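>>> Here is the input, now give the coordinates:
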Amino acid sequence: MAELDTFPKYLLFNAARFPARPAMRHKDYGIWQSWNWSEQLVEIRRFALGLQALGLGHGDKVAIVGANRPRLYWSFAAAQSLGAIPVPVYADAVAEEMAYVLDNAQVRFAIVQDQEQVDKIRSFAAKIPALEEVIYDEPRGLRDYDPRRLTAFTAVQEKGAAIERADPDAARRWEEGIRAANGDDVSVMLYTSGTTGRSKGVVVKAAAAVQAARDTVEFDRLTELDSVLAYLPLAWVGDHYLNYAQGYVSGFCMNCPESHETVPQDLREIGPTFYFAPPRIFESLLTGVTIRMEDAGWLMRKMFGYFIGVARRHGEAILEGRPVPLSARLVYAFGNLFVYGPLKNVLGLSRIRIAYTAGEAIGEDLFSFFRSLGINLKQLYGQTEAFLYVTVQKDGEVRSDAVGPAAPNVDIRISEAGEVQFRSPGMFAGYYRQEDKTAEVMTEDGYVKTGDAGFFEADGQLRIIDRAKDVGKLRSGALFAPKYIENALKFFPNIKEAVAFGDDRDFAAAFINIDLQAVGNWAERNNIAYASYQELAGHPEVYRIVAGHVDETNRRLAREPMMAGGQIRRFLVLHKELDADDGELTRTMKVRRAFIAERYGDLIEALYDGSAEKHVETEVTFEDGRKGKIRAKVKIIEARVHGLEPAREAAQ
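Reported below is the predicted structural model:
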């Protein structure tokens with residue numbers, strides 16, 4: 001196995017050992033198309049030979065932009081087989097963001113999904129001087145475009161096929177080039193989410209990427225019999241690692257949904273055995289379950305409530321093989337027959353063997369809910385600079401409040417300032433063209449500074465508090481950990497996002513975004529009419545519901561001595577949803593705290609100056625890129641603060 005130090009080498013290896021096993025599926029027009037490893041090898045080889053004929057060579061950068069499509073995943077392997085460097089870009093990035101990445105990475109070729117991506121690139125073509133060719137997958141809408149520097153994916157493959165027919169040795173030479181490749185070549189360049197500023201290109205070497213994937217494939221015993229649904233952004237390290245890298249090393253089948261909207265249905269049809277989702281996806285699933293139960297009949301609601309109670313008491317213990325009374329096991333078995341099994345089937349999680357969540361902290365109750373159903377949900381902690389895994393939880397040693405011990409062959413330490421630092425097999429080689437930024441995150445002895453504050457629990461599991469720069473103190477000296485407060489609020493299905501403030505202030509306060517689906521369903525059932533998110537967010541009854549959630553959050557904080565001083569004293573329901581297009585969230589849906597603090601400075605001050613309401617005017621970006629403004633009168637509410645509850649603290 002030592003010689004398999006690039007993913008194209010695994011492509012050849014898998015085509016030889018699993019020629020007839022499915023490697024890729026894609027749902028198109030409602031029908032699942034399938035390619036086995038042998039067929040996938042042919043698709044990739046022909047595209048690679050076509051790219052080579054167009055002039056793509058060793059070290060050239062290739063942007064890959066679009067949704068989860070087989071041809072885009074094949075583009076990774078095709079580029080890597082020639083020694084070129086794939087640079088995935090977020091498909092929903094606005095044109096200016098996309099142009100920045102393509103220019104910064106100095107890409108020569110861009111392989112895109114459709115007309116939308118072609119238009120974005122062409123609108124900023126002058127700012128991408130190195131770009132020579134755009135290759136598109138879906139031709140719809142592009143027939144009348146200027147064909148110069150614009151080529152169909154199928155045309156490139158046909159060019160490669162023609163080369164094979166004309167030169168019988170072309171395929172052999174291509175494979176020899178793969179086998180002779182050096183694991184020190186760059187495998188991929190992944191751009192960071194840009195939480196604290198401009199995105200940076202994270203350079204990952206081939207041998208490092210393969211070794212990291214191999215370690216976790218062995219850890220979770222992934223094989224060619226496993227199956228995943230690839231629905232996360234191509235440009236995110238989680239998708240590239242969990243689906244592409246682990247798929248090539250293990251040989252499992254990657255399934256691409258028809259569209260973002262069909263993911264729930266496609267998940268049910270595929271029934272993957274390995275699954276990853278950030279906490280917001282699990283929050284959305286639970287919100288959907290809650291809404292369906294609210295609309296169900298009286299008997300169904302009673303039965304659901306009873307058996308979910310049984311699951312909460314005994315489900316995790318049964319999952320982990322811990323002792324449980326026989327009577328409880330029997331009741332749980334009935335619950336599995338009538339509630340848990342059908343529910344998992346509806347969610348598409350019936351065949352899950354291993355599931356992970358990461359990216360943000362997940363609420364304890366949310367985490368326990370899915371585990372109590374018998375889903376082996378675990379946590380990992382990772383970073384783009386680590387090629388994902390830094391920690392990972394072992395089966396049977398799962399906690400909701402920690403993210404596990406170090407992943408295989410990863411070394412973690414906590415600095416004197418409380419920052420988490422690591423060294424790992426998949427550790428990045430540096431930021432592209434930003435040596436100064438690379439030096440900032442590296443220690444003298446070769447550890448990467450994560451920027452996260454954390455500590456080890458007694459059992460060796462790492463616990464992340466927050467971003468180190470975000471952890472602060474109230475003027476009283478009480479600890480202020482905004483992410484901890486925000487995650488406590490986001491446990492409630494009605495709350496989609498929250499942003500907490502309080503560092504060097506007299507008290508903690510919060511902005512809250514309601515979940516339009518959950519609250520909209522509630523409004524419909526209660527005959528409350530509304531015309532927009534803004535109107536619903538400002539409704540007095542919505543404020544009353546949110547106030548109840550804030551009060552319950554403060555009760556929870558009051559049970560923890562370290563967090564009790566950070567209870568929320570004032571809050572508001574923001575008049576618009578936080579949006580990546582407006583710069584308020586990253587493309588991976590993380591809050592850009594500094595940007596929000598600057599953009600909504602007047603609202604923050606209103607939280608602290610005693611105002612009962614504040615008139616605001618906010619610029620927004622529409623889906624077509626146009627700008628507009630919304631105006632609103634935002635109410636500010638006082639929240640009840642609870643004293644520390646020593647009895648409950650002791651009980652915990």
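>>> Residue ranges in this structure under the pLDDT threshold?
Residue ranges of the chain with pLDDT under 70: 1-2, 194-197, 623-625, 644-652.
>>> Just want the most central residue of it.
With distances taken as CA atoms, centre = their mean, the chain has P278 as the residue nearest its mean C-alpha position (5.0 Å).
>>> Give the phi and psi angles for it, as a check.
Taking degrees, to the nearest 10, you get phi -70, psi 160 for the backbone angles of P278.
>>> thought it was touching T586?
No: counting by CB atoms under 8 Å, P278 stays clear of T586, with 12.0 Å between them. Every C-beta, even on glycine, is put in place using the N, C-alpha and C of the backbone.
>>> could you say what helices and strands the helix or strand where V134 lies packs with?
Here V134 sits within strand 133-136, counting by DSSP states H and E. When contacts are defined as 3 or more CB pairs under 8 Å, 6 or more residues apart in numbering; DSSP states H and E, strand 133-136 sits against strand 107-112, helix 115-123, strand 150-152, helix 153-166.
>>> Pick the most deeply packed of the ones you listed.
Most buried of the helices and strands packed on strand 133-136 by mean neighbour count (mean count of other CB atoms under 10 Å) is strand 107-112; its value is a mean of 26.
>>> and the angle from it to helix 153-166?
Counting by axes from the mean of the first three to the mean of the last three CA atoms, to 10 degrees, strand 107-112 lies at 110 degrees to helix 153-166.
>>> what's in contact with strand 107-112?
51, 54-56, 60-66, 71-72, 75, 84, 87, 102, 117-118, 121, 128, 130-137, 153 (CB atoms under 8 Å, 6 or more residues apart in numbering).
>>> and the nearest residue to the residue nearest to the centre of the chain once chain neighbours are set aside, helix, strand or coil?
Nearest non-adjacent residue to P278, counting by CB to CB, 6 or more residues apart in numbering: G359, 4.0 Å away. Following DSSP: H, G, I helix; E, B strand; the rest coil, G359 is assigned to coil.
>>> My read is that G359 contacts P279, right?
Yes: with contact defined as CB under 8 Å, G359 counts as touching P279 (6.9 Å).
>>> Only the buried residues of stretch 548-560, if you could.
By 16 or more other CB atoms under 10 Å, the buried positions in stretch 548-560 come out as H549, V550, T553, N554, R556, L557, A558, R559, E560.
>>> got those residues as TSV, with distance to F304 and secondary structure columns?
Converted to TSV, these look like this (distance: CB to CB, whole Å; DSSP: H, G, I helix; E, B strand; the rest coil):
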residue	distance to F304	secondary structure
H549	22	helix
V550	27	helix
T553	25	helix
N554	29	helix
R556	24	helix
L557	29	helix
A558	30	helix
R559	28	coil
E560	30	coil
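>>> Make CSV out of those and add distance to P264.
Formatted as CSV, the buried residues of stretch 548-560 follow (distance: CB to CB, whole Å):
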residue, distance to P264
H549, 26
V550, 30
T553, 29
N554, 34
R556, 30
L557, 34
A558, 37
R559, 35
E560, 35
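>>> Looking at the residues you listed, which is nearest G315?
Nearest to G315 among the buried residues of stretch 548-560 is R556, at 21.5 Å by CB to CB.
>>> For the closest one, list the residues it contacts.
Residues in contact with R556, defined by CB under 8 Å, 6+ apart, are A488.
>>> In the stretch 301-450 of the chain, mark out all the helices, start to finish.
326-335, 341-347, 364-372, 435-441 (DSSP state H, counting those that start in this stretch).
>>> Contacts for the third one, please.
In this case it means helix 364-372. Here helix 364-372 makes contact (CB under 8 Å, 6+ apart) with 279, 282-283, 286, 308, 311-312, 314-316, 319, 355, 357, 377, 379, 398, 400-401, 491.
>>> Off-centre distance for stretch 20-31?
Centroid separation for stretch 20-31 versus its chain: 23 Å, with CA atoms, centre = their mean, to the nearest Å.
>>> And it, what's buried?
R21, P22, A23, M24, R25, H26, K27.
>>> Show only the entries of those found in strands.
For those, the ones inside strands are P22, A23, M24, R25, H26, K27, with DSSP state E as the criterion.
>>> quick one on the thing from earlier: the strand holding V134 pairs with which strands?
Its sheet considered, strand 133-136 pairs with strand 107-112 (parallel), strand 150-152 (parallel) by DSSP bridges.
>>> Which residue of this structure lies farthest from its centroid?
Relative to the C-alpha centroid of the chain, counting by CA atoms, centre = their mean, A166 is the outermost residue, at 44.5 Å.
>>> Quick check: which element contains A208?
In this assignment (DSSP H and E), A208 forms part of helix 206-219.
>>> Name the surrounding residues that touch that helix.
Residues outside helix 206-219 that contact it (CB under 8 Å, 6+ apart) are 1, 4-7, 10, 80, 181-188, 222, 241, 245-246, 248-250, 386-389, 392, 407-409, 424-427, 429.
>>> Among those, name the buried ones.
Buried residues within the contacts of helix 206-219, counting neighbours by 16+ other CB under 10 Å: 4-7, 10, 80, 181, 183, 185-188, 222, 241, 245-246, 248-250, 386-389, 392, 407, 409, 424-427, 429.
>>> and these, which of them are in strands?
Counting by DSSP E, the part of these found in strands is V186, S187, V188, L388, Y389, V392.
>>> Any chance of the ones in strands among the buried residues of stretch 20-31 in CSV with distance to I604 as columns?
Below are those laid out as CSV (distance: CB to CB, whole Å):
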residue, distance to I604
P22, 52
A23, 51
M24, 48
R25, 48
H26, 46
K27, 45
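>>> Just the closest of those residues to R433, please.
M24 (33.4 Å).
>>> My guess is A537 contacts L574. True?
Yes: using CB under 8 Å, A537 is in contact with L574, at 6.9 Å.
>>> Could you tell me which residues touch both of those two?
With CB under 8 Å, 6+ apart as the test, A537 and L574 both reach N513.
>>> thinking again about what came up before, what's the strand holding V134 in contact with?
The contact list for strand 133-136, computed with CB under 8 Å, 6+ apart, reads 54, 108-115, 117-118, 121-122, 142, 149-153, 156.
>>> Swap in 6 Å and give it another go.
Outside of strand 133-136, the residues within contact range by CB atoms under 6 Å, 6 or more residues apart in numbering are F109, A110, I111, V112, V118, I121, R149, L150, T151, F153, V156.
>>> okay, now R148: neighbour count?
7 (other CB atoms under 10 Å).
>>> That one belongs to a helix, doesn't it?
No: secondary structure assignment (three-state DSSP) places R148 in coil, not in a helix.
>>> gap between it and A125?
Computed as CB to CB, to the nearest Å, the R148 to A125 distance reads 11 Å.
>>> nearest residue to P405 other than its sequence neighbours?
What sits nearest to P405 in space, not counting adjacent residues and going by CB to CB, 6+ apart, is G460, at 4.6 Å.
>>> you'd agree the one you found is up against V403?
No: the pair G460 / V403 is not scored as a contact, 11.5 Å apart, by CB atoms under 6 Å.
>>> Which one's more surrounded, the two?
The neighbour comparison of G460 against V403 (other CB under 10 Å) goes to V403, with 25 against 13.
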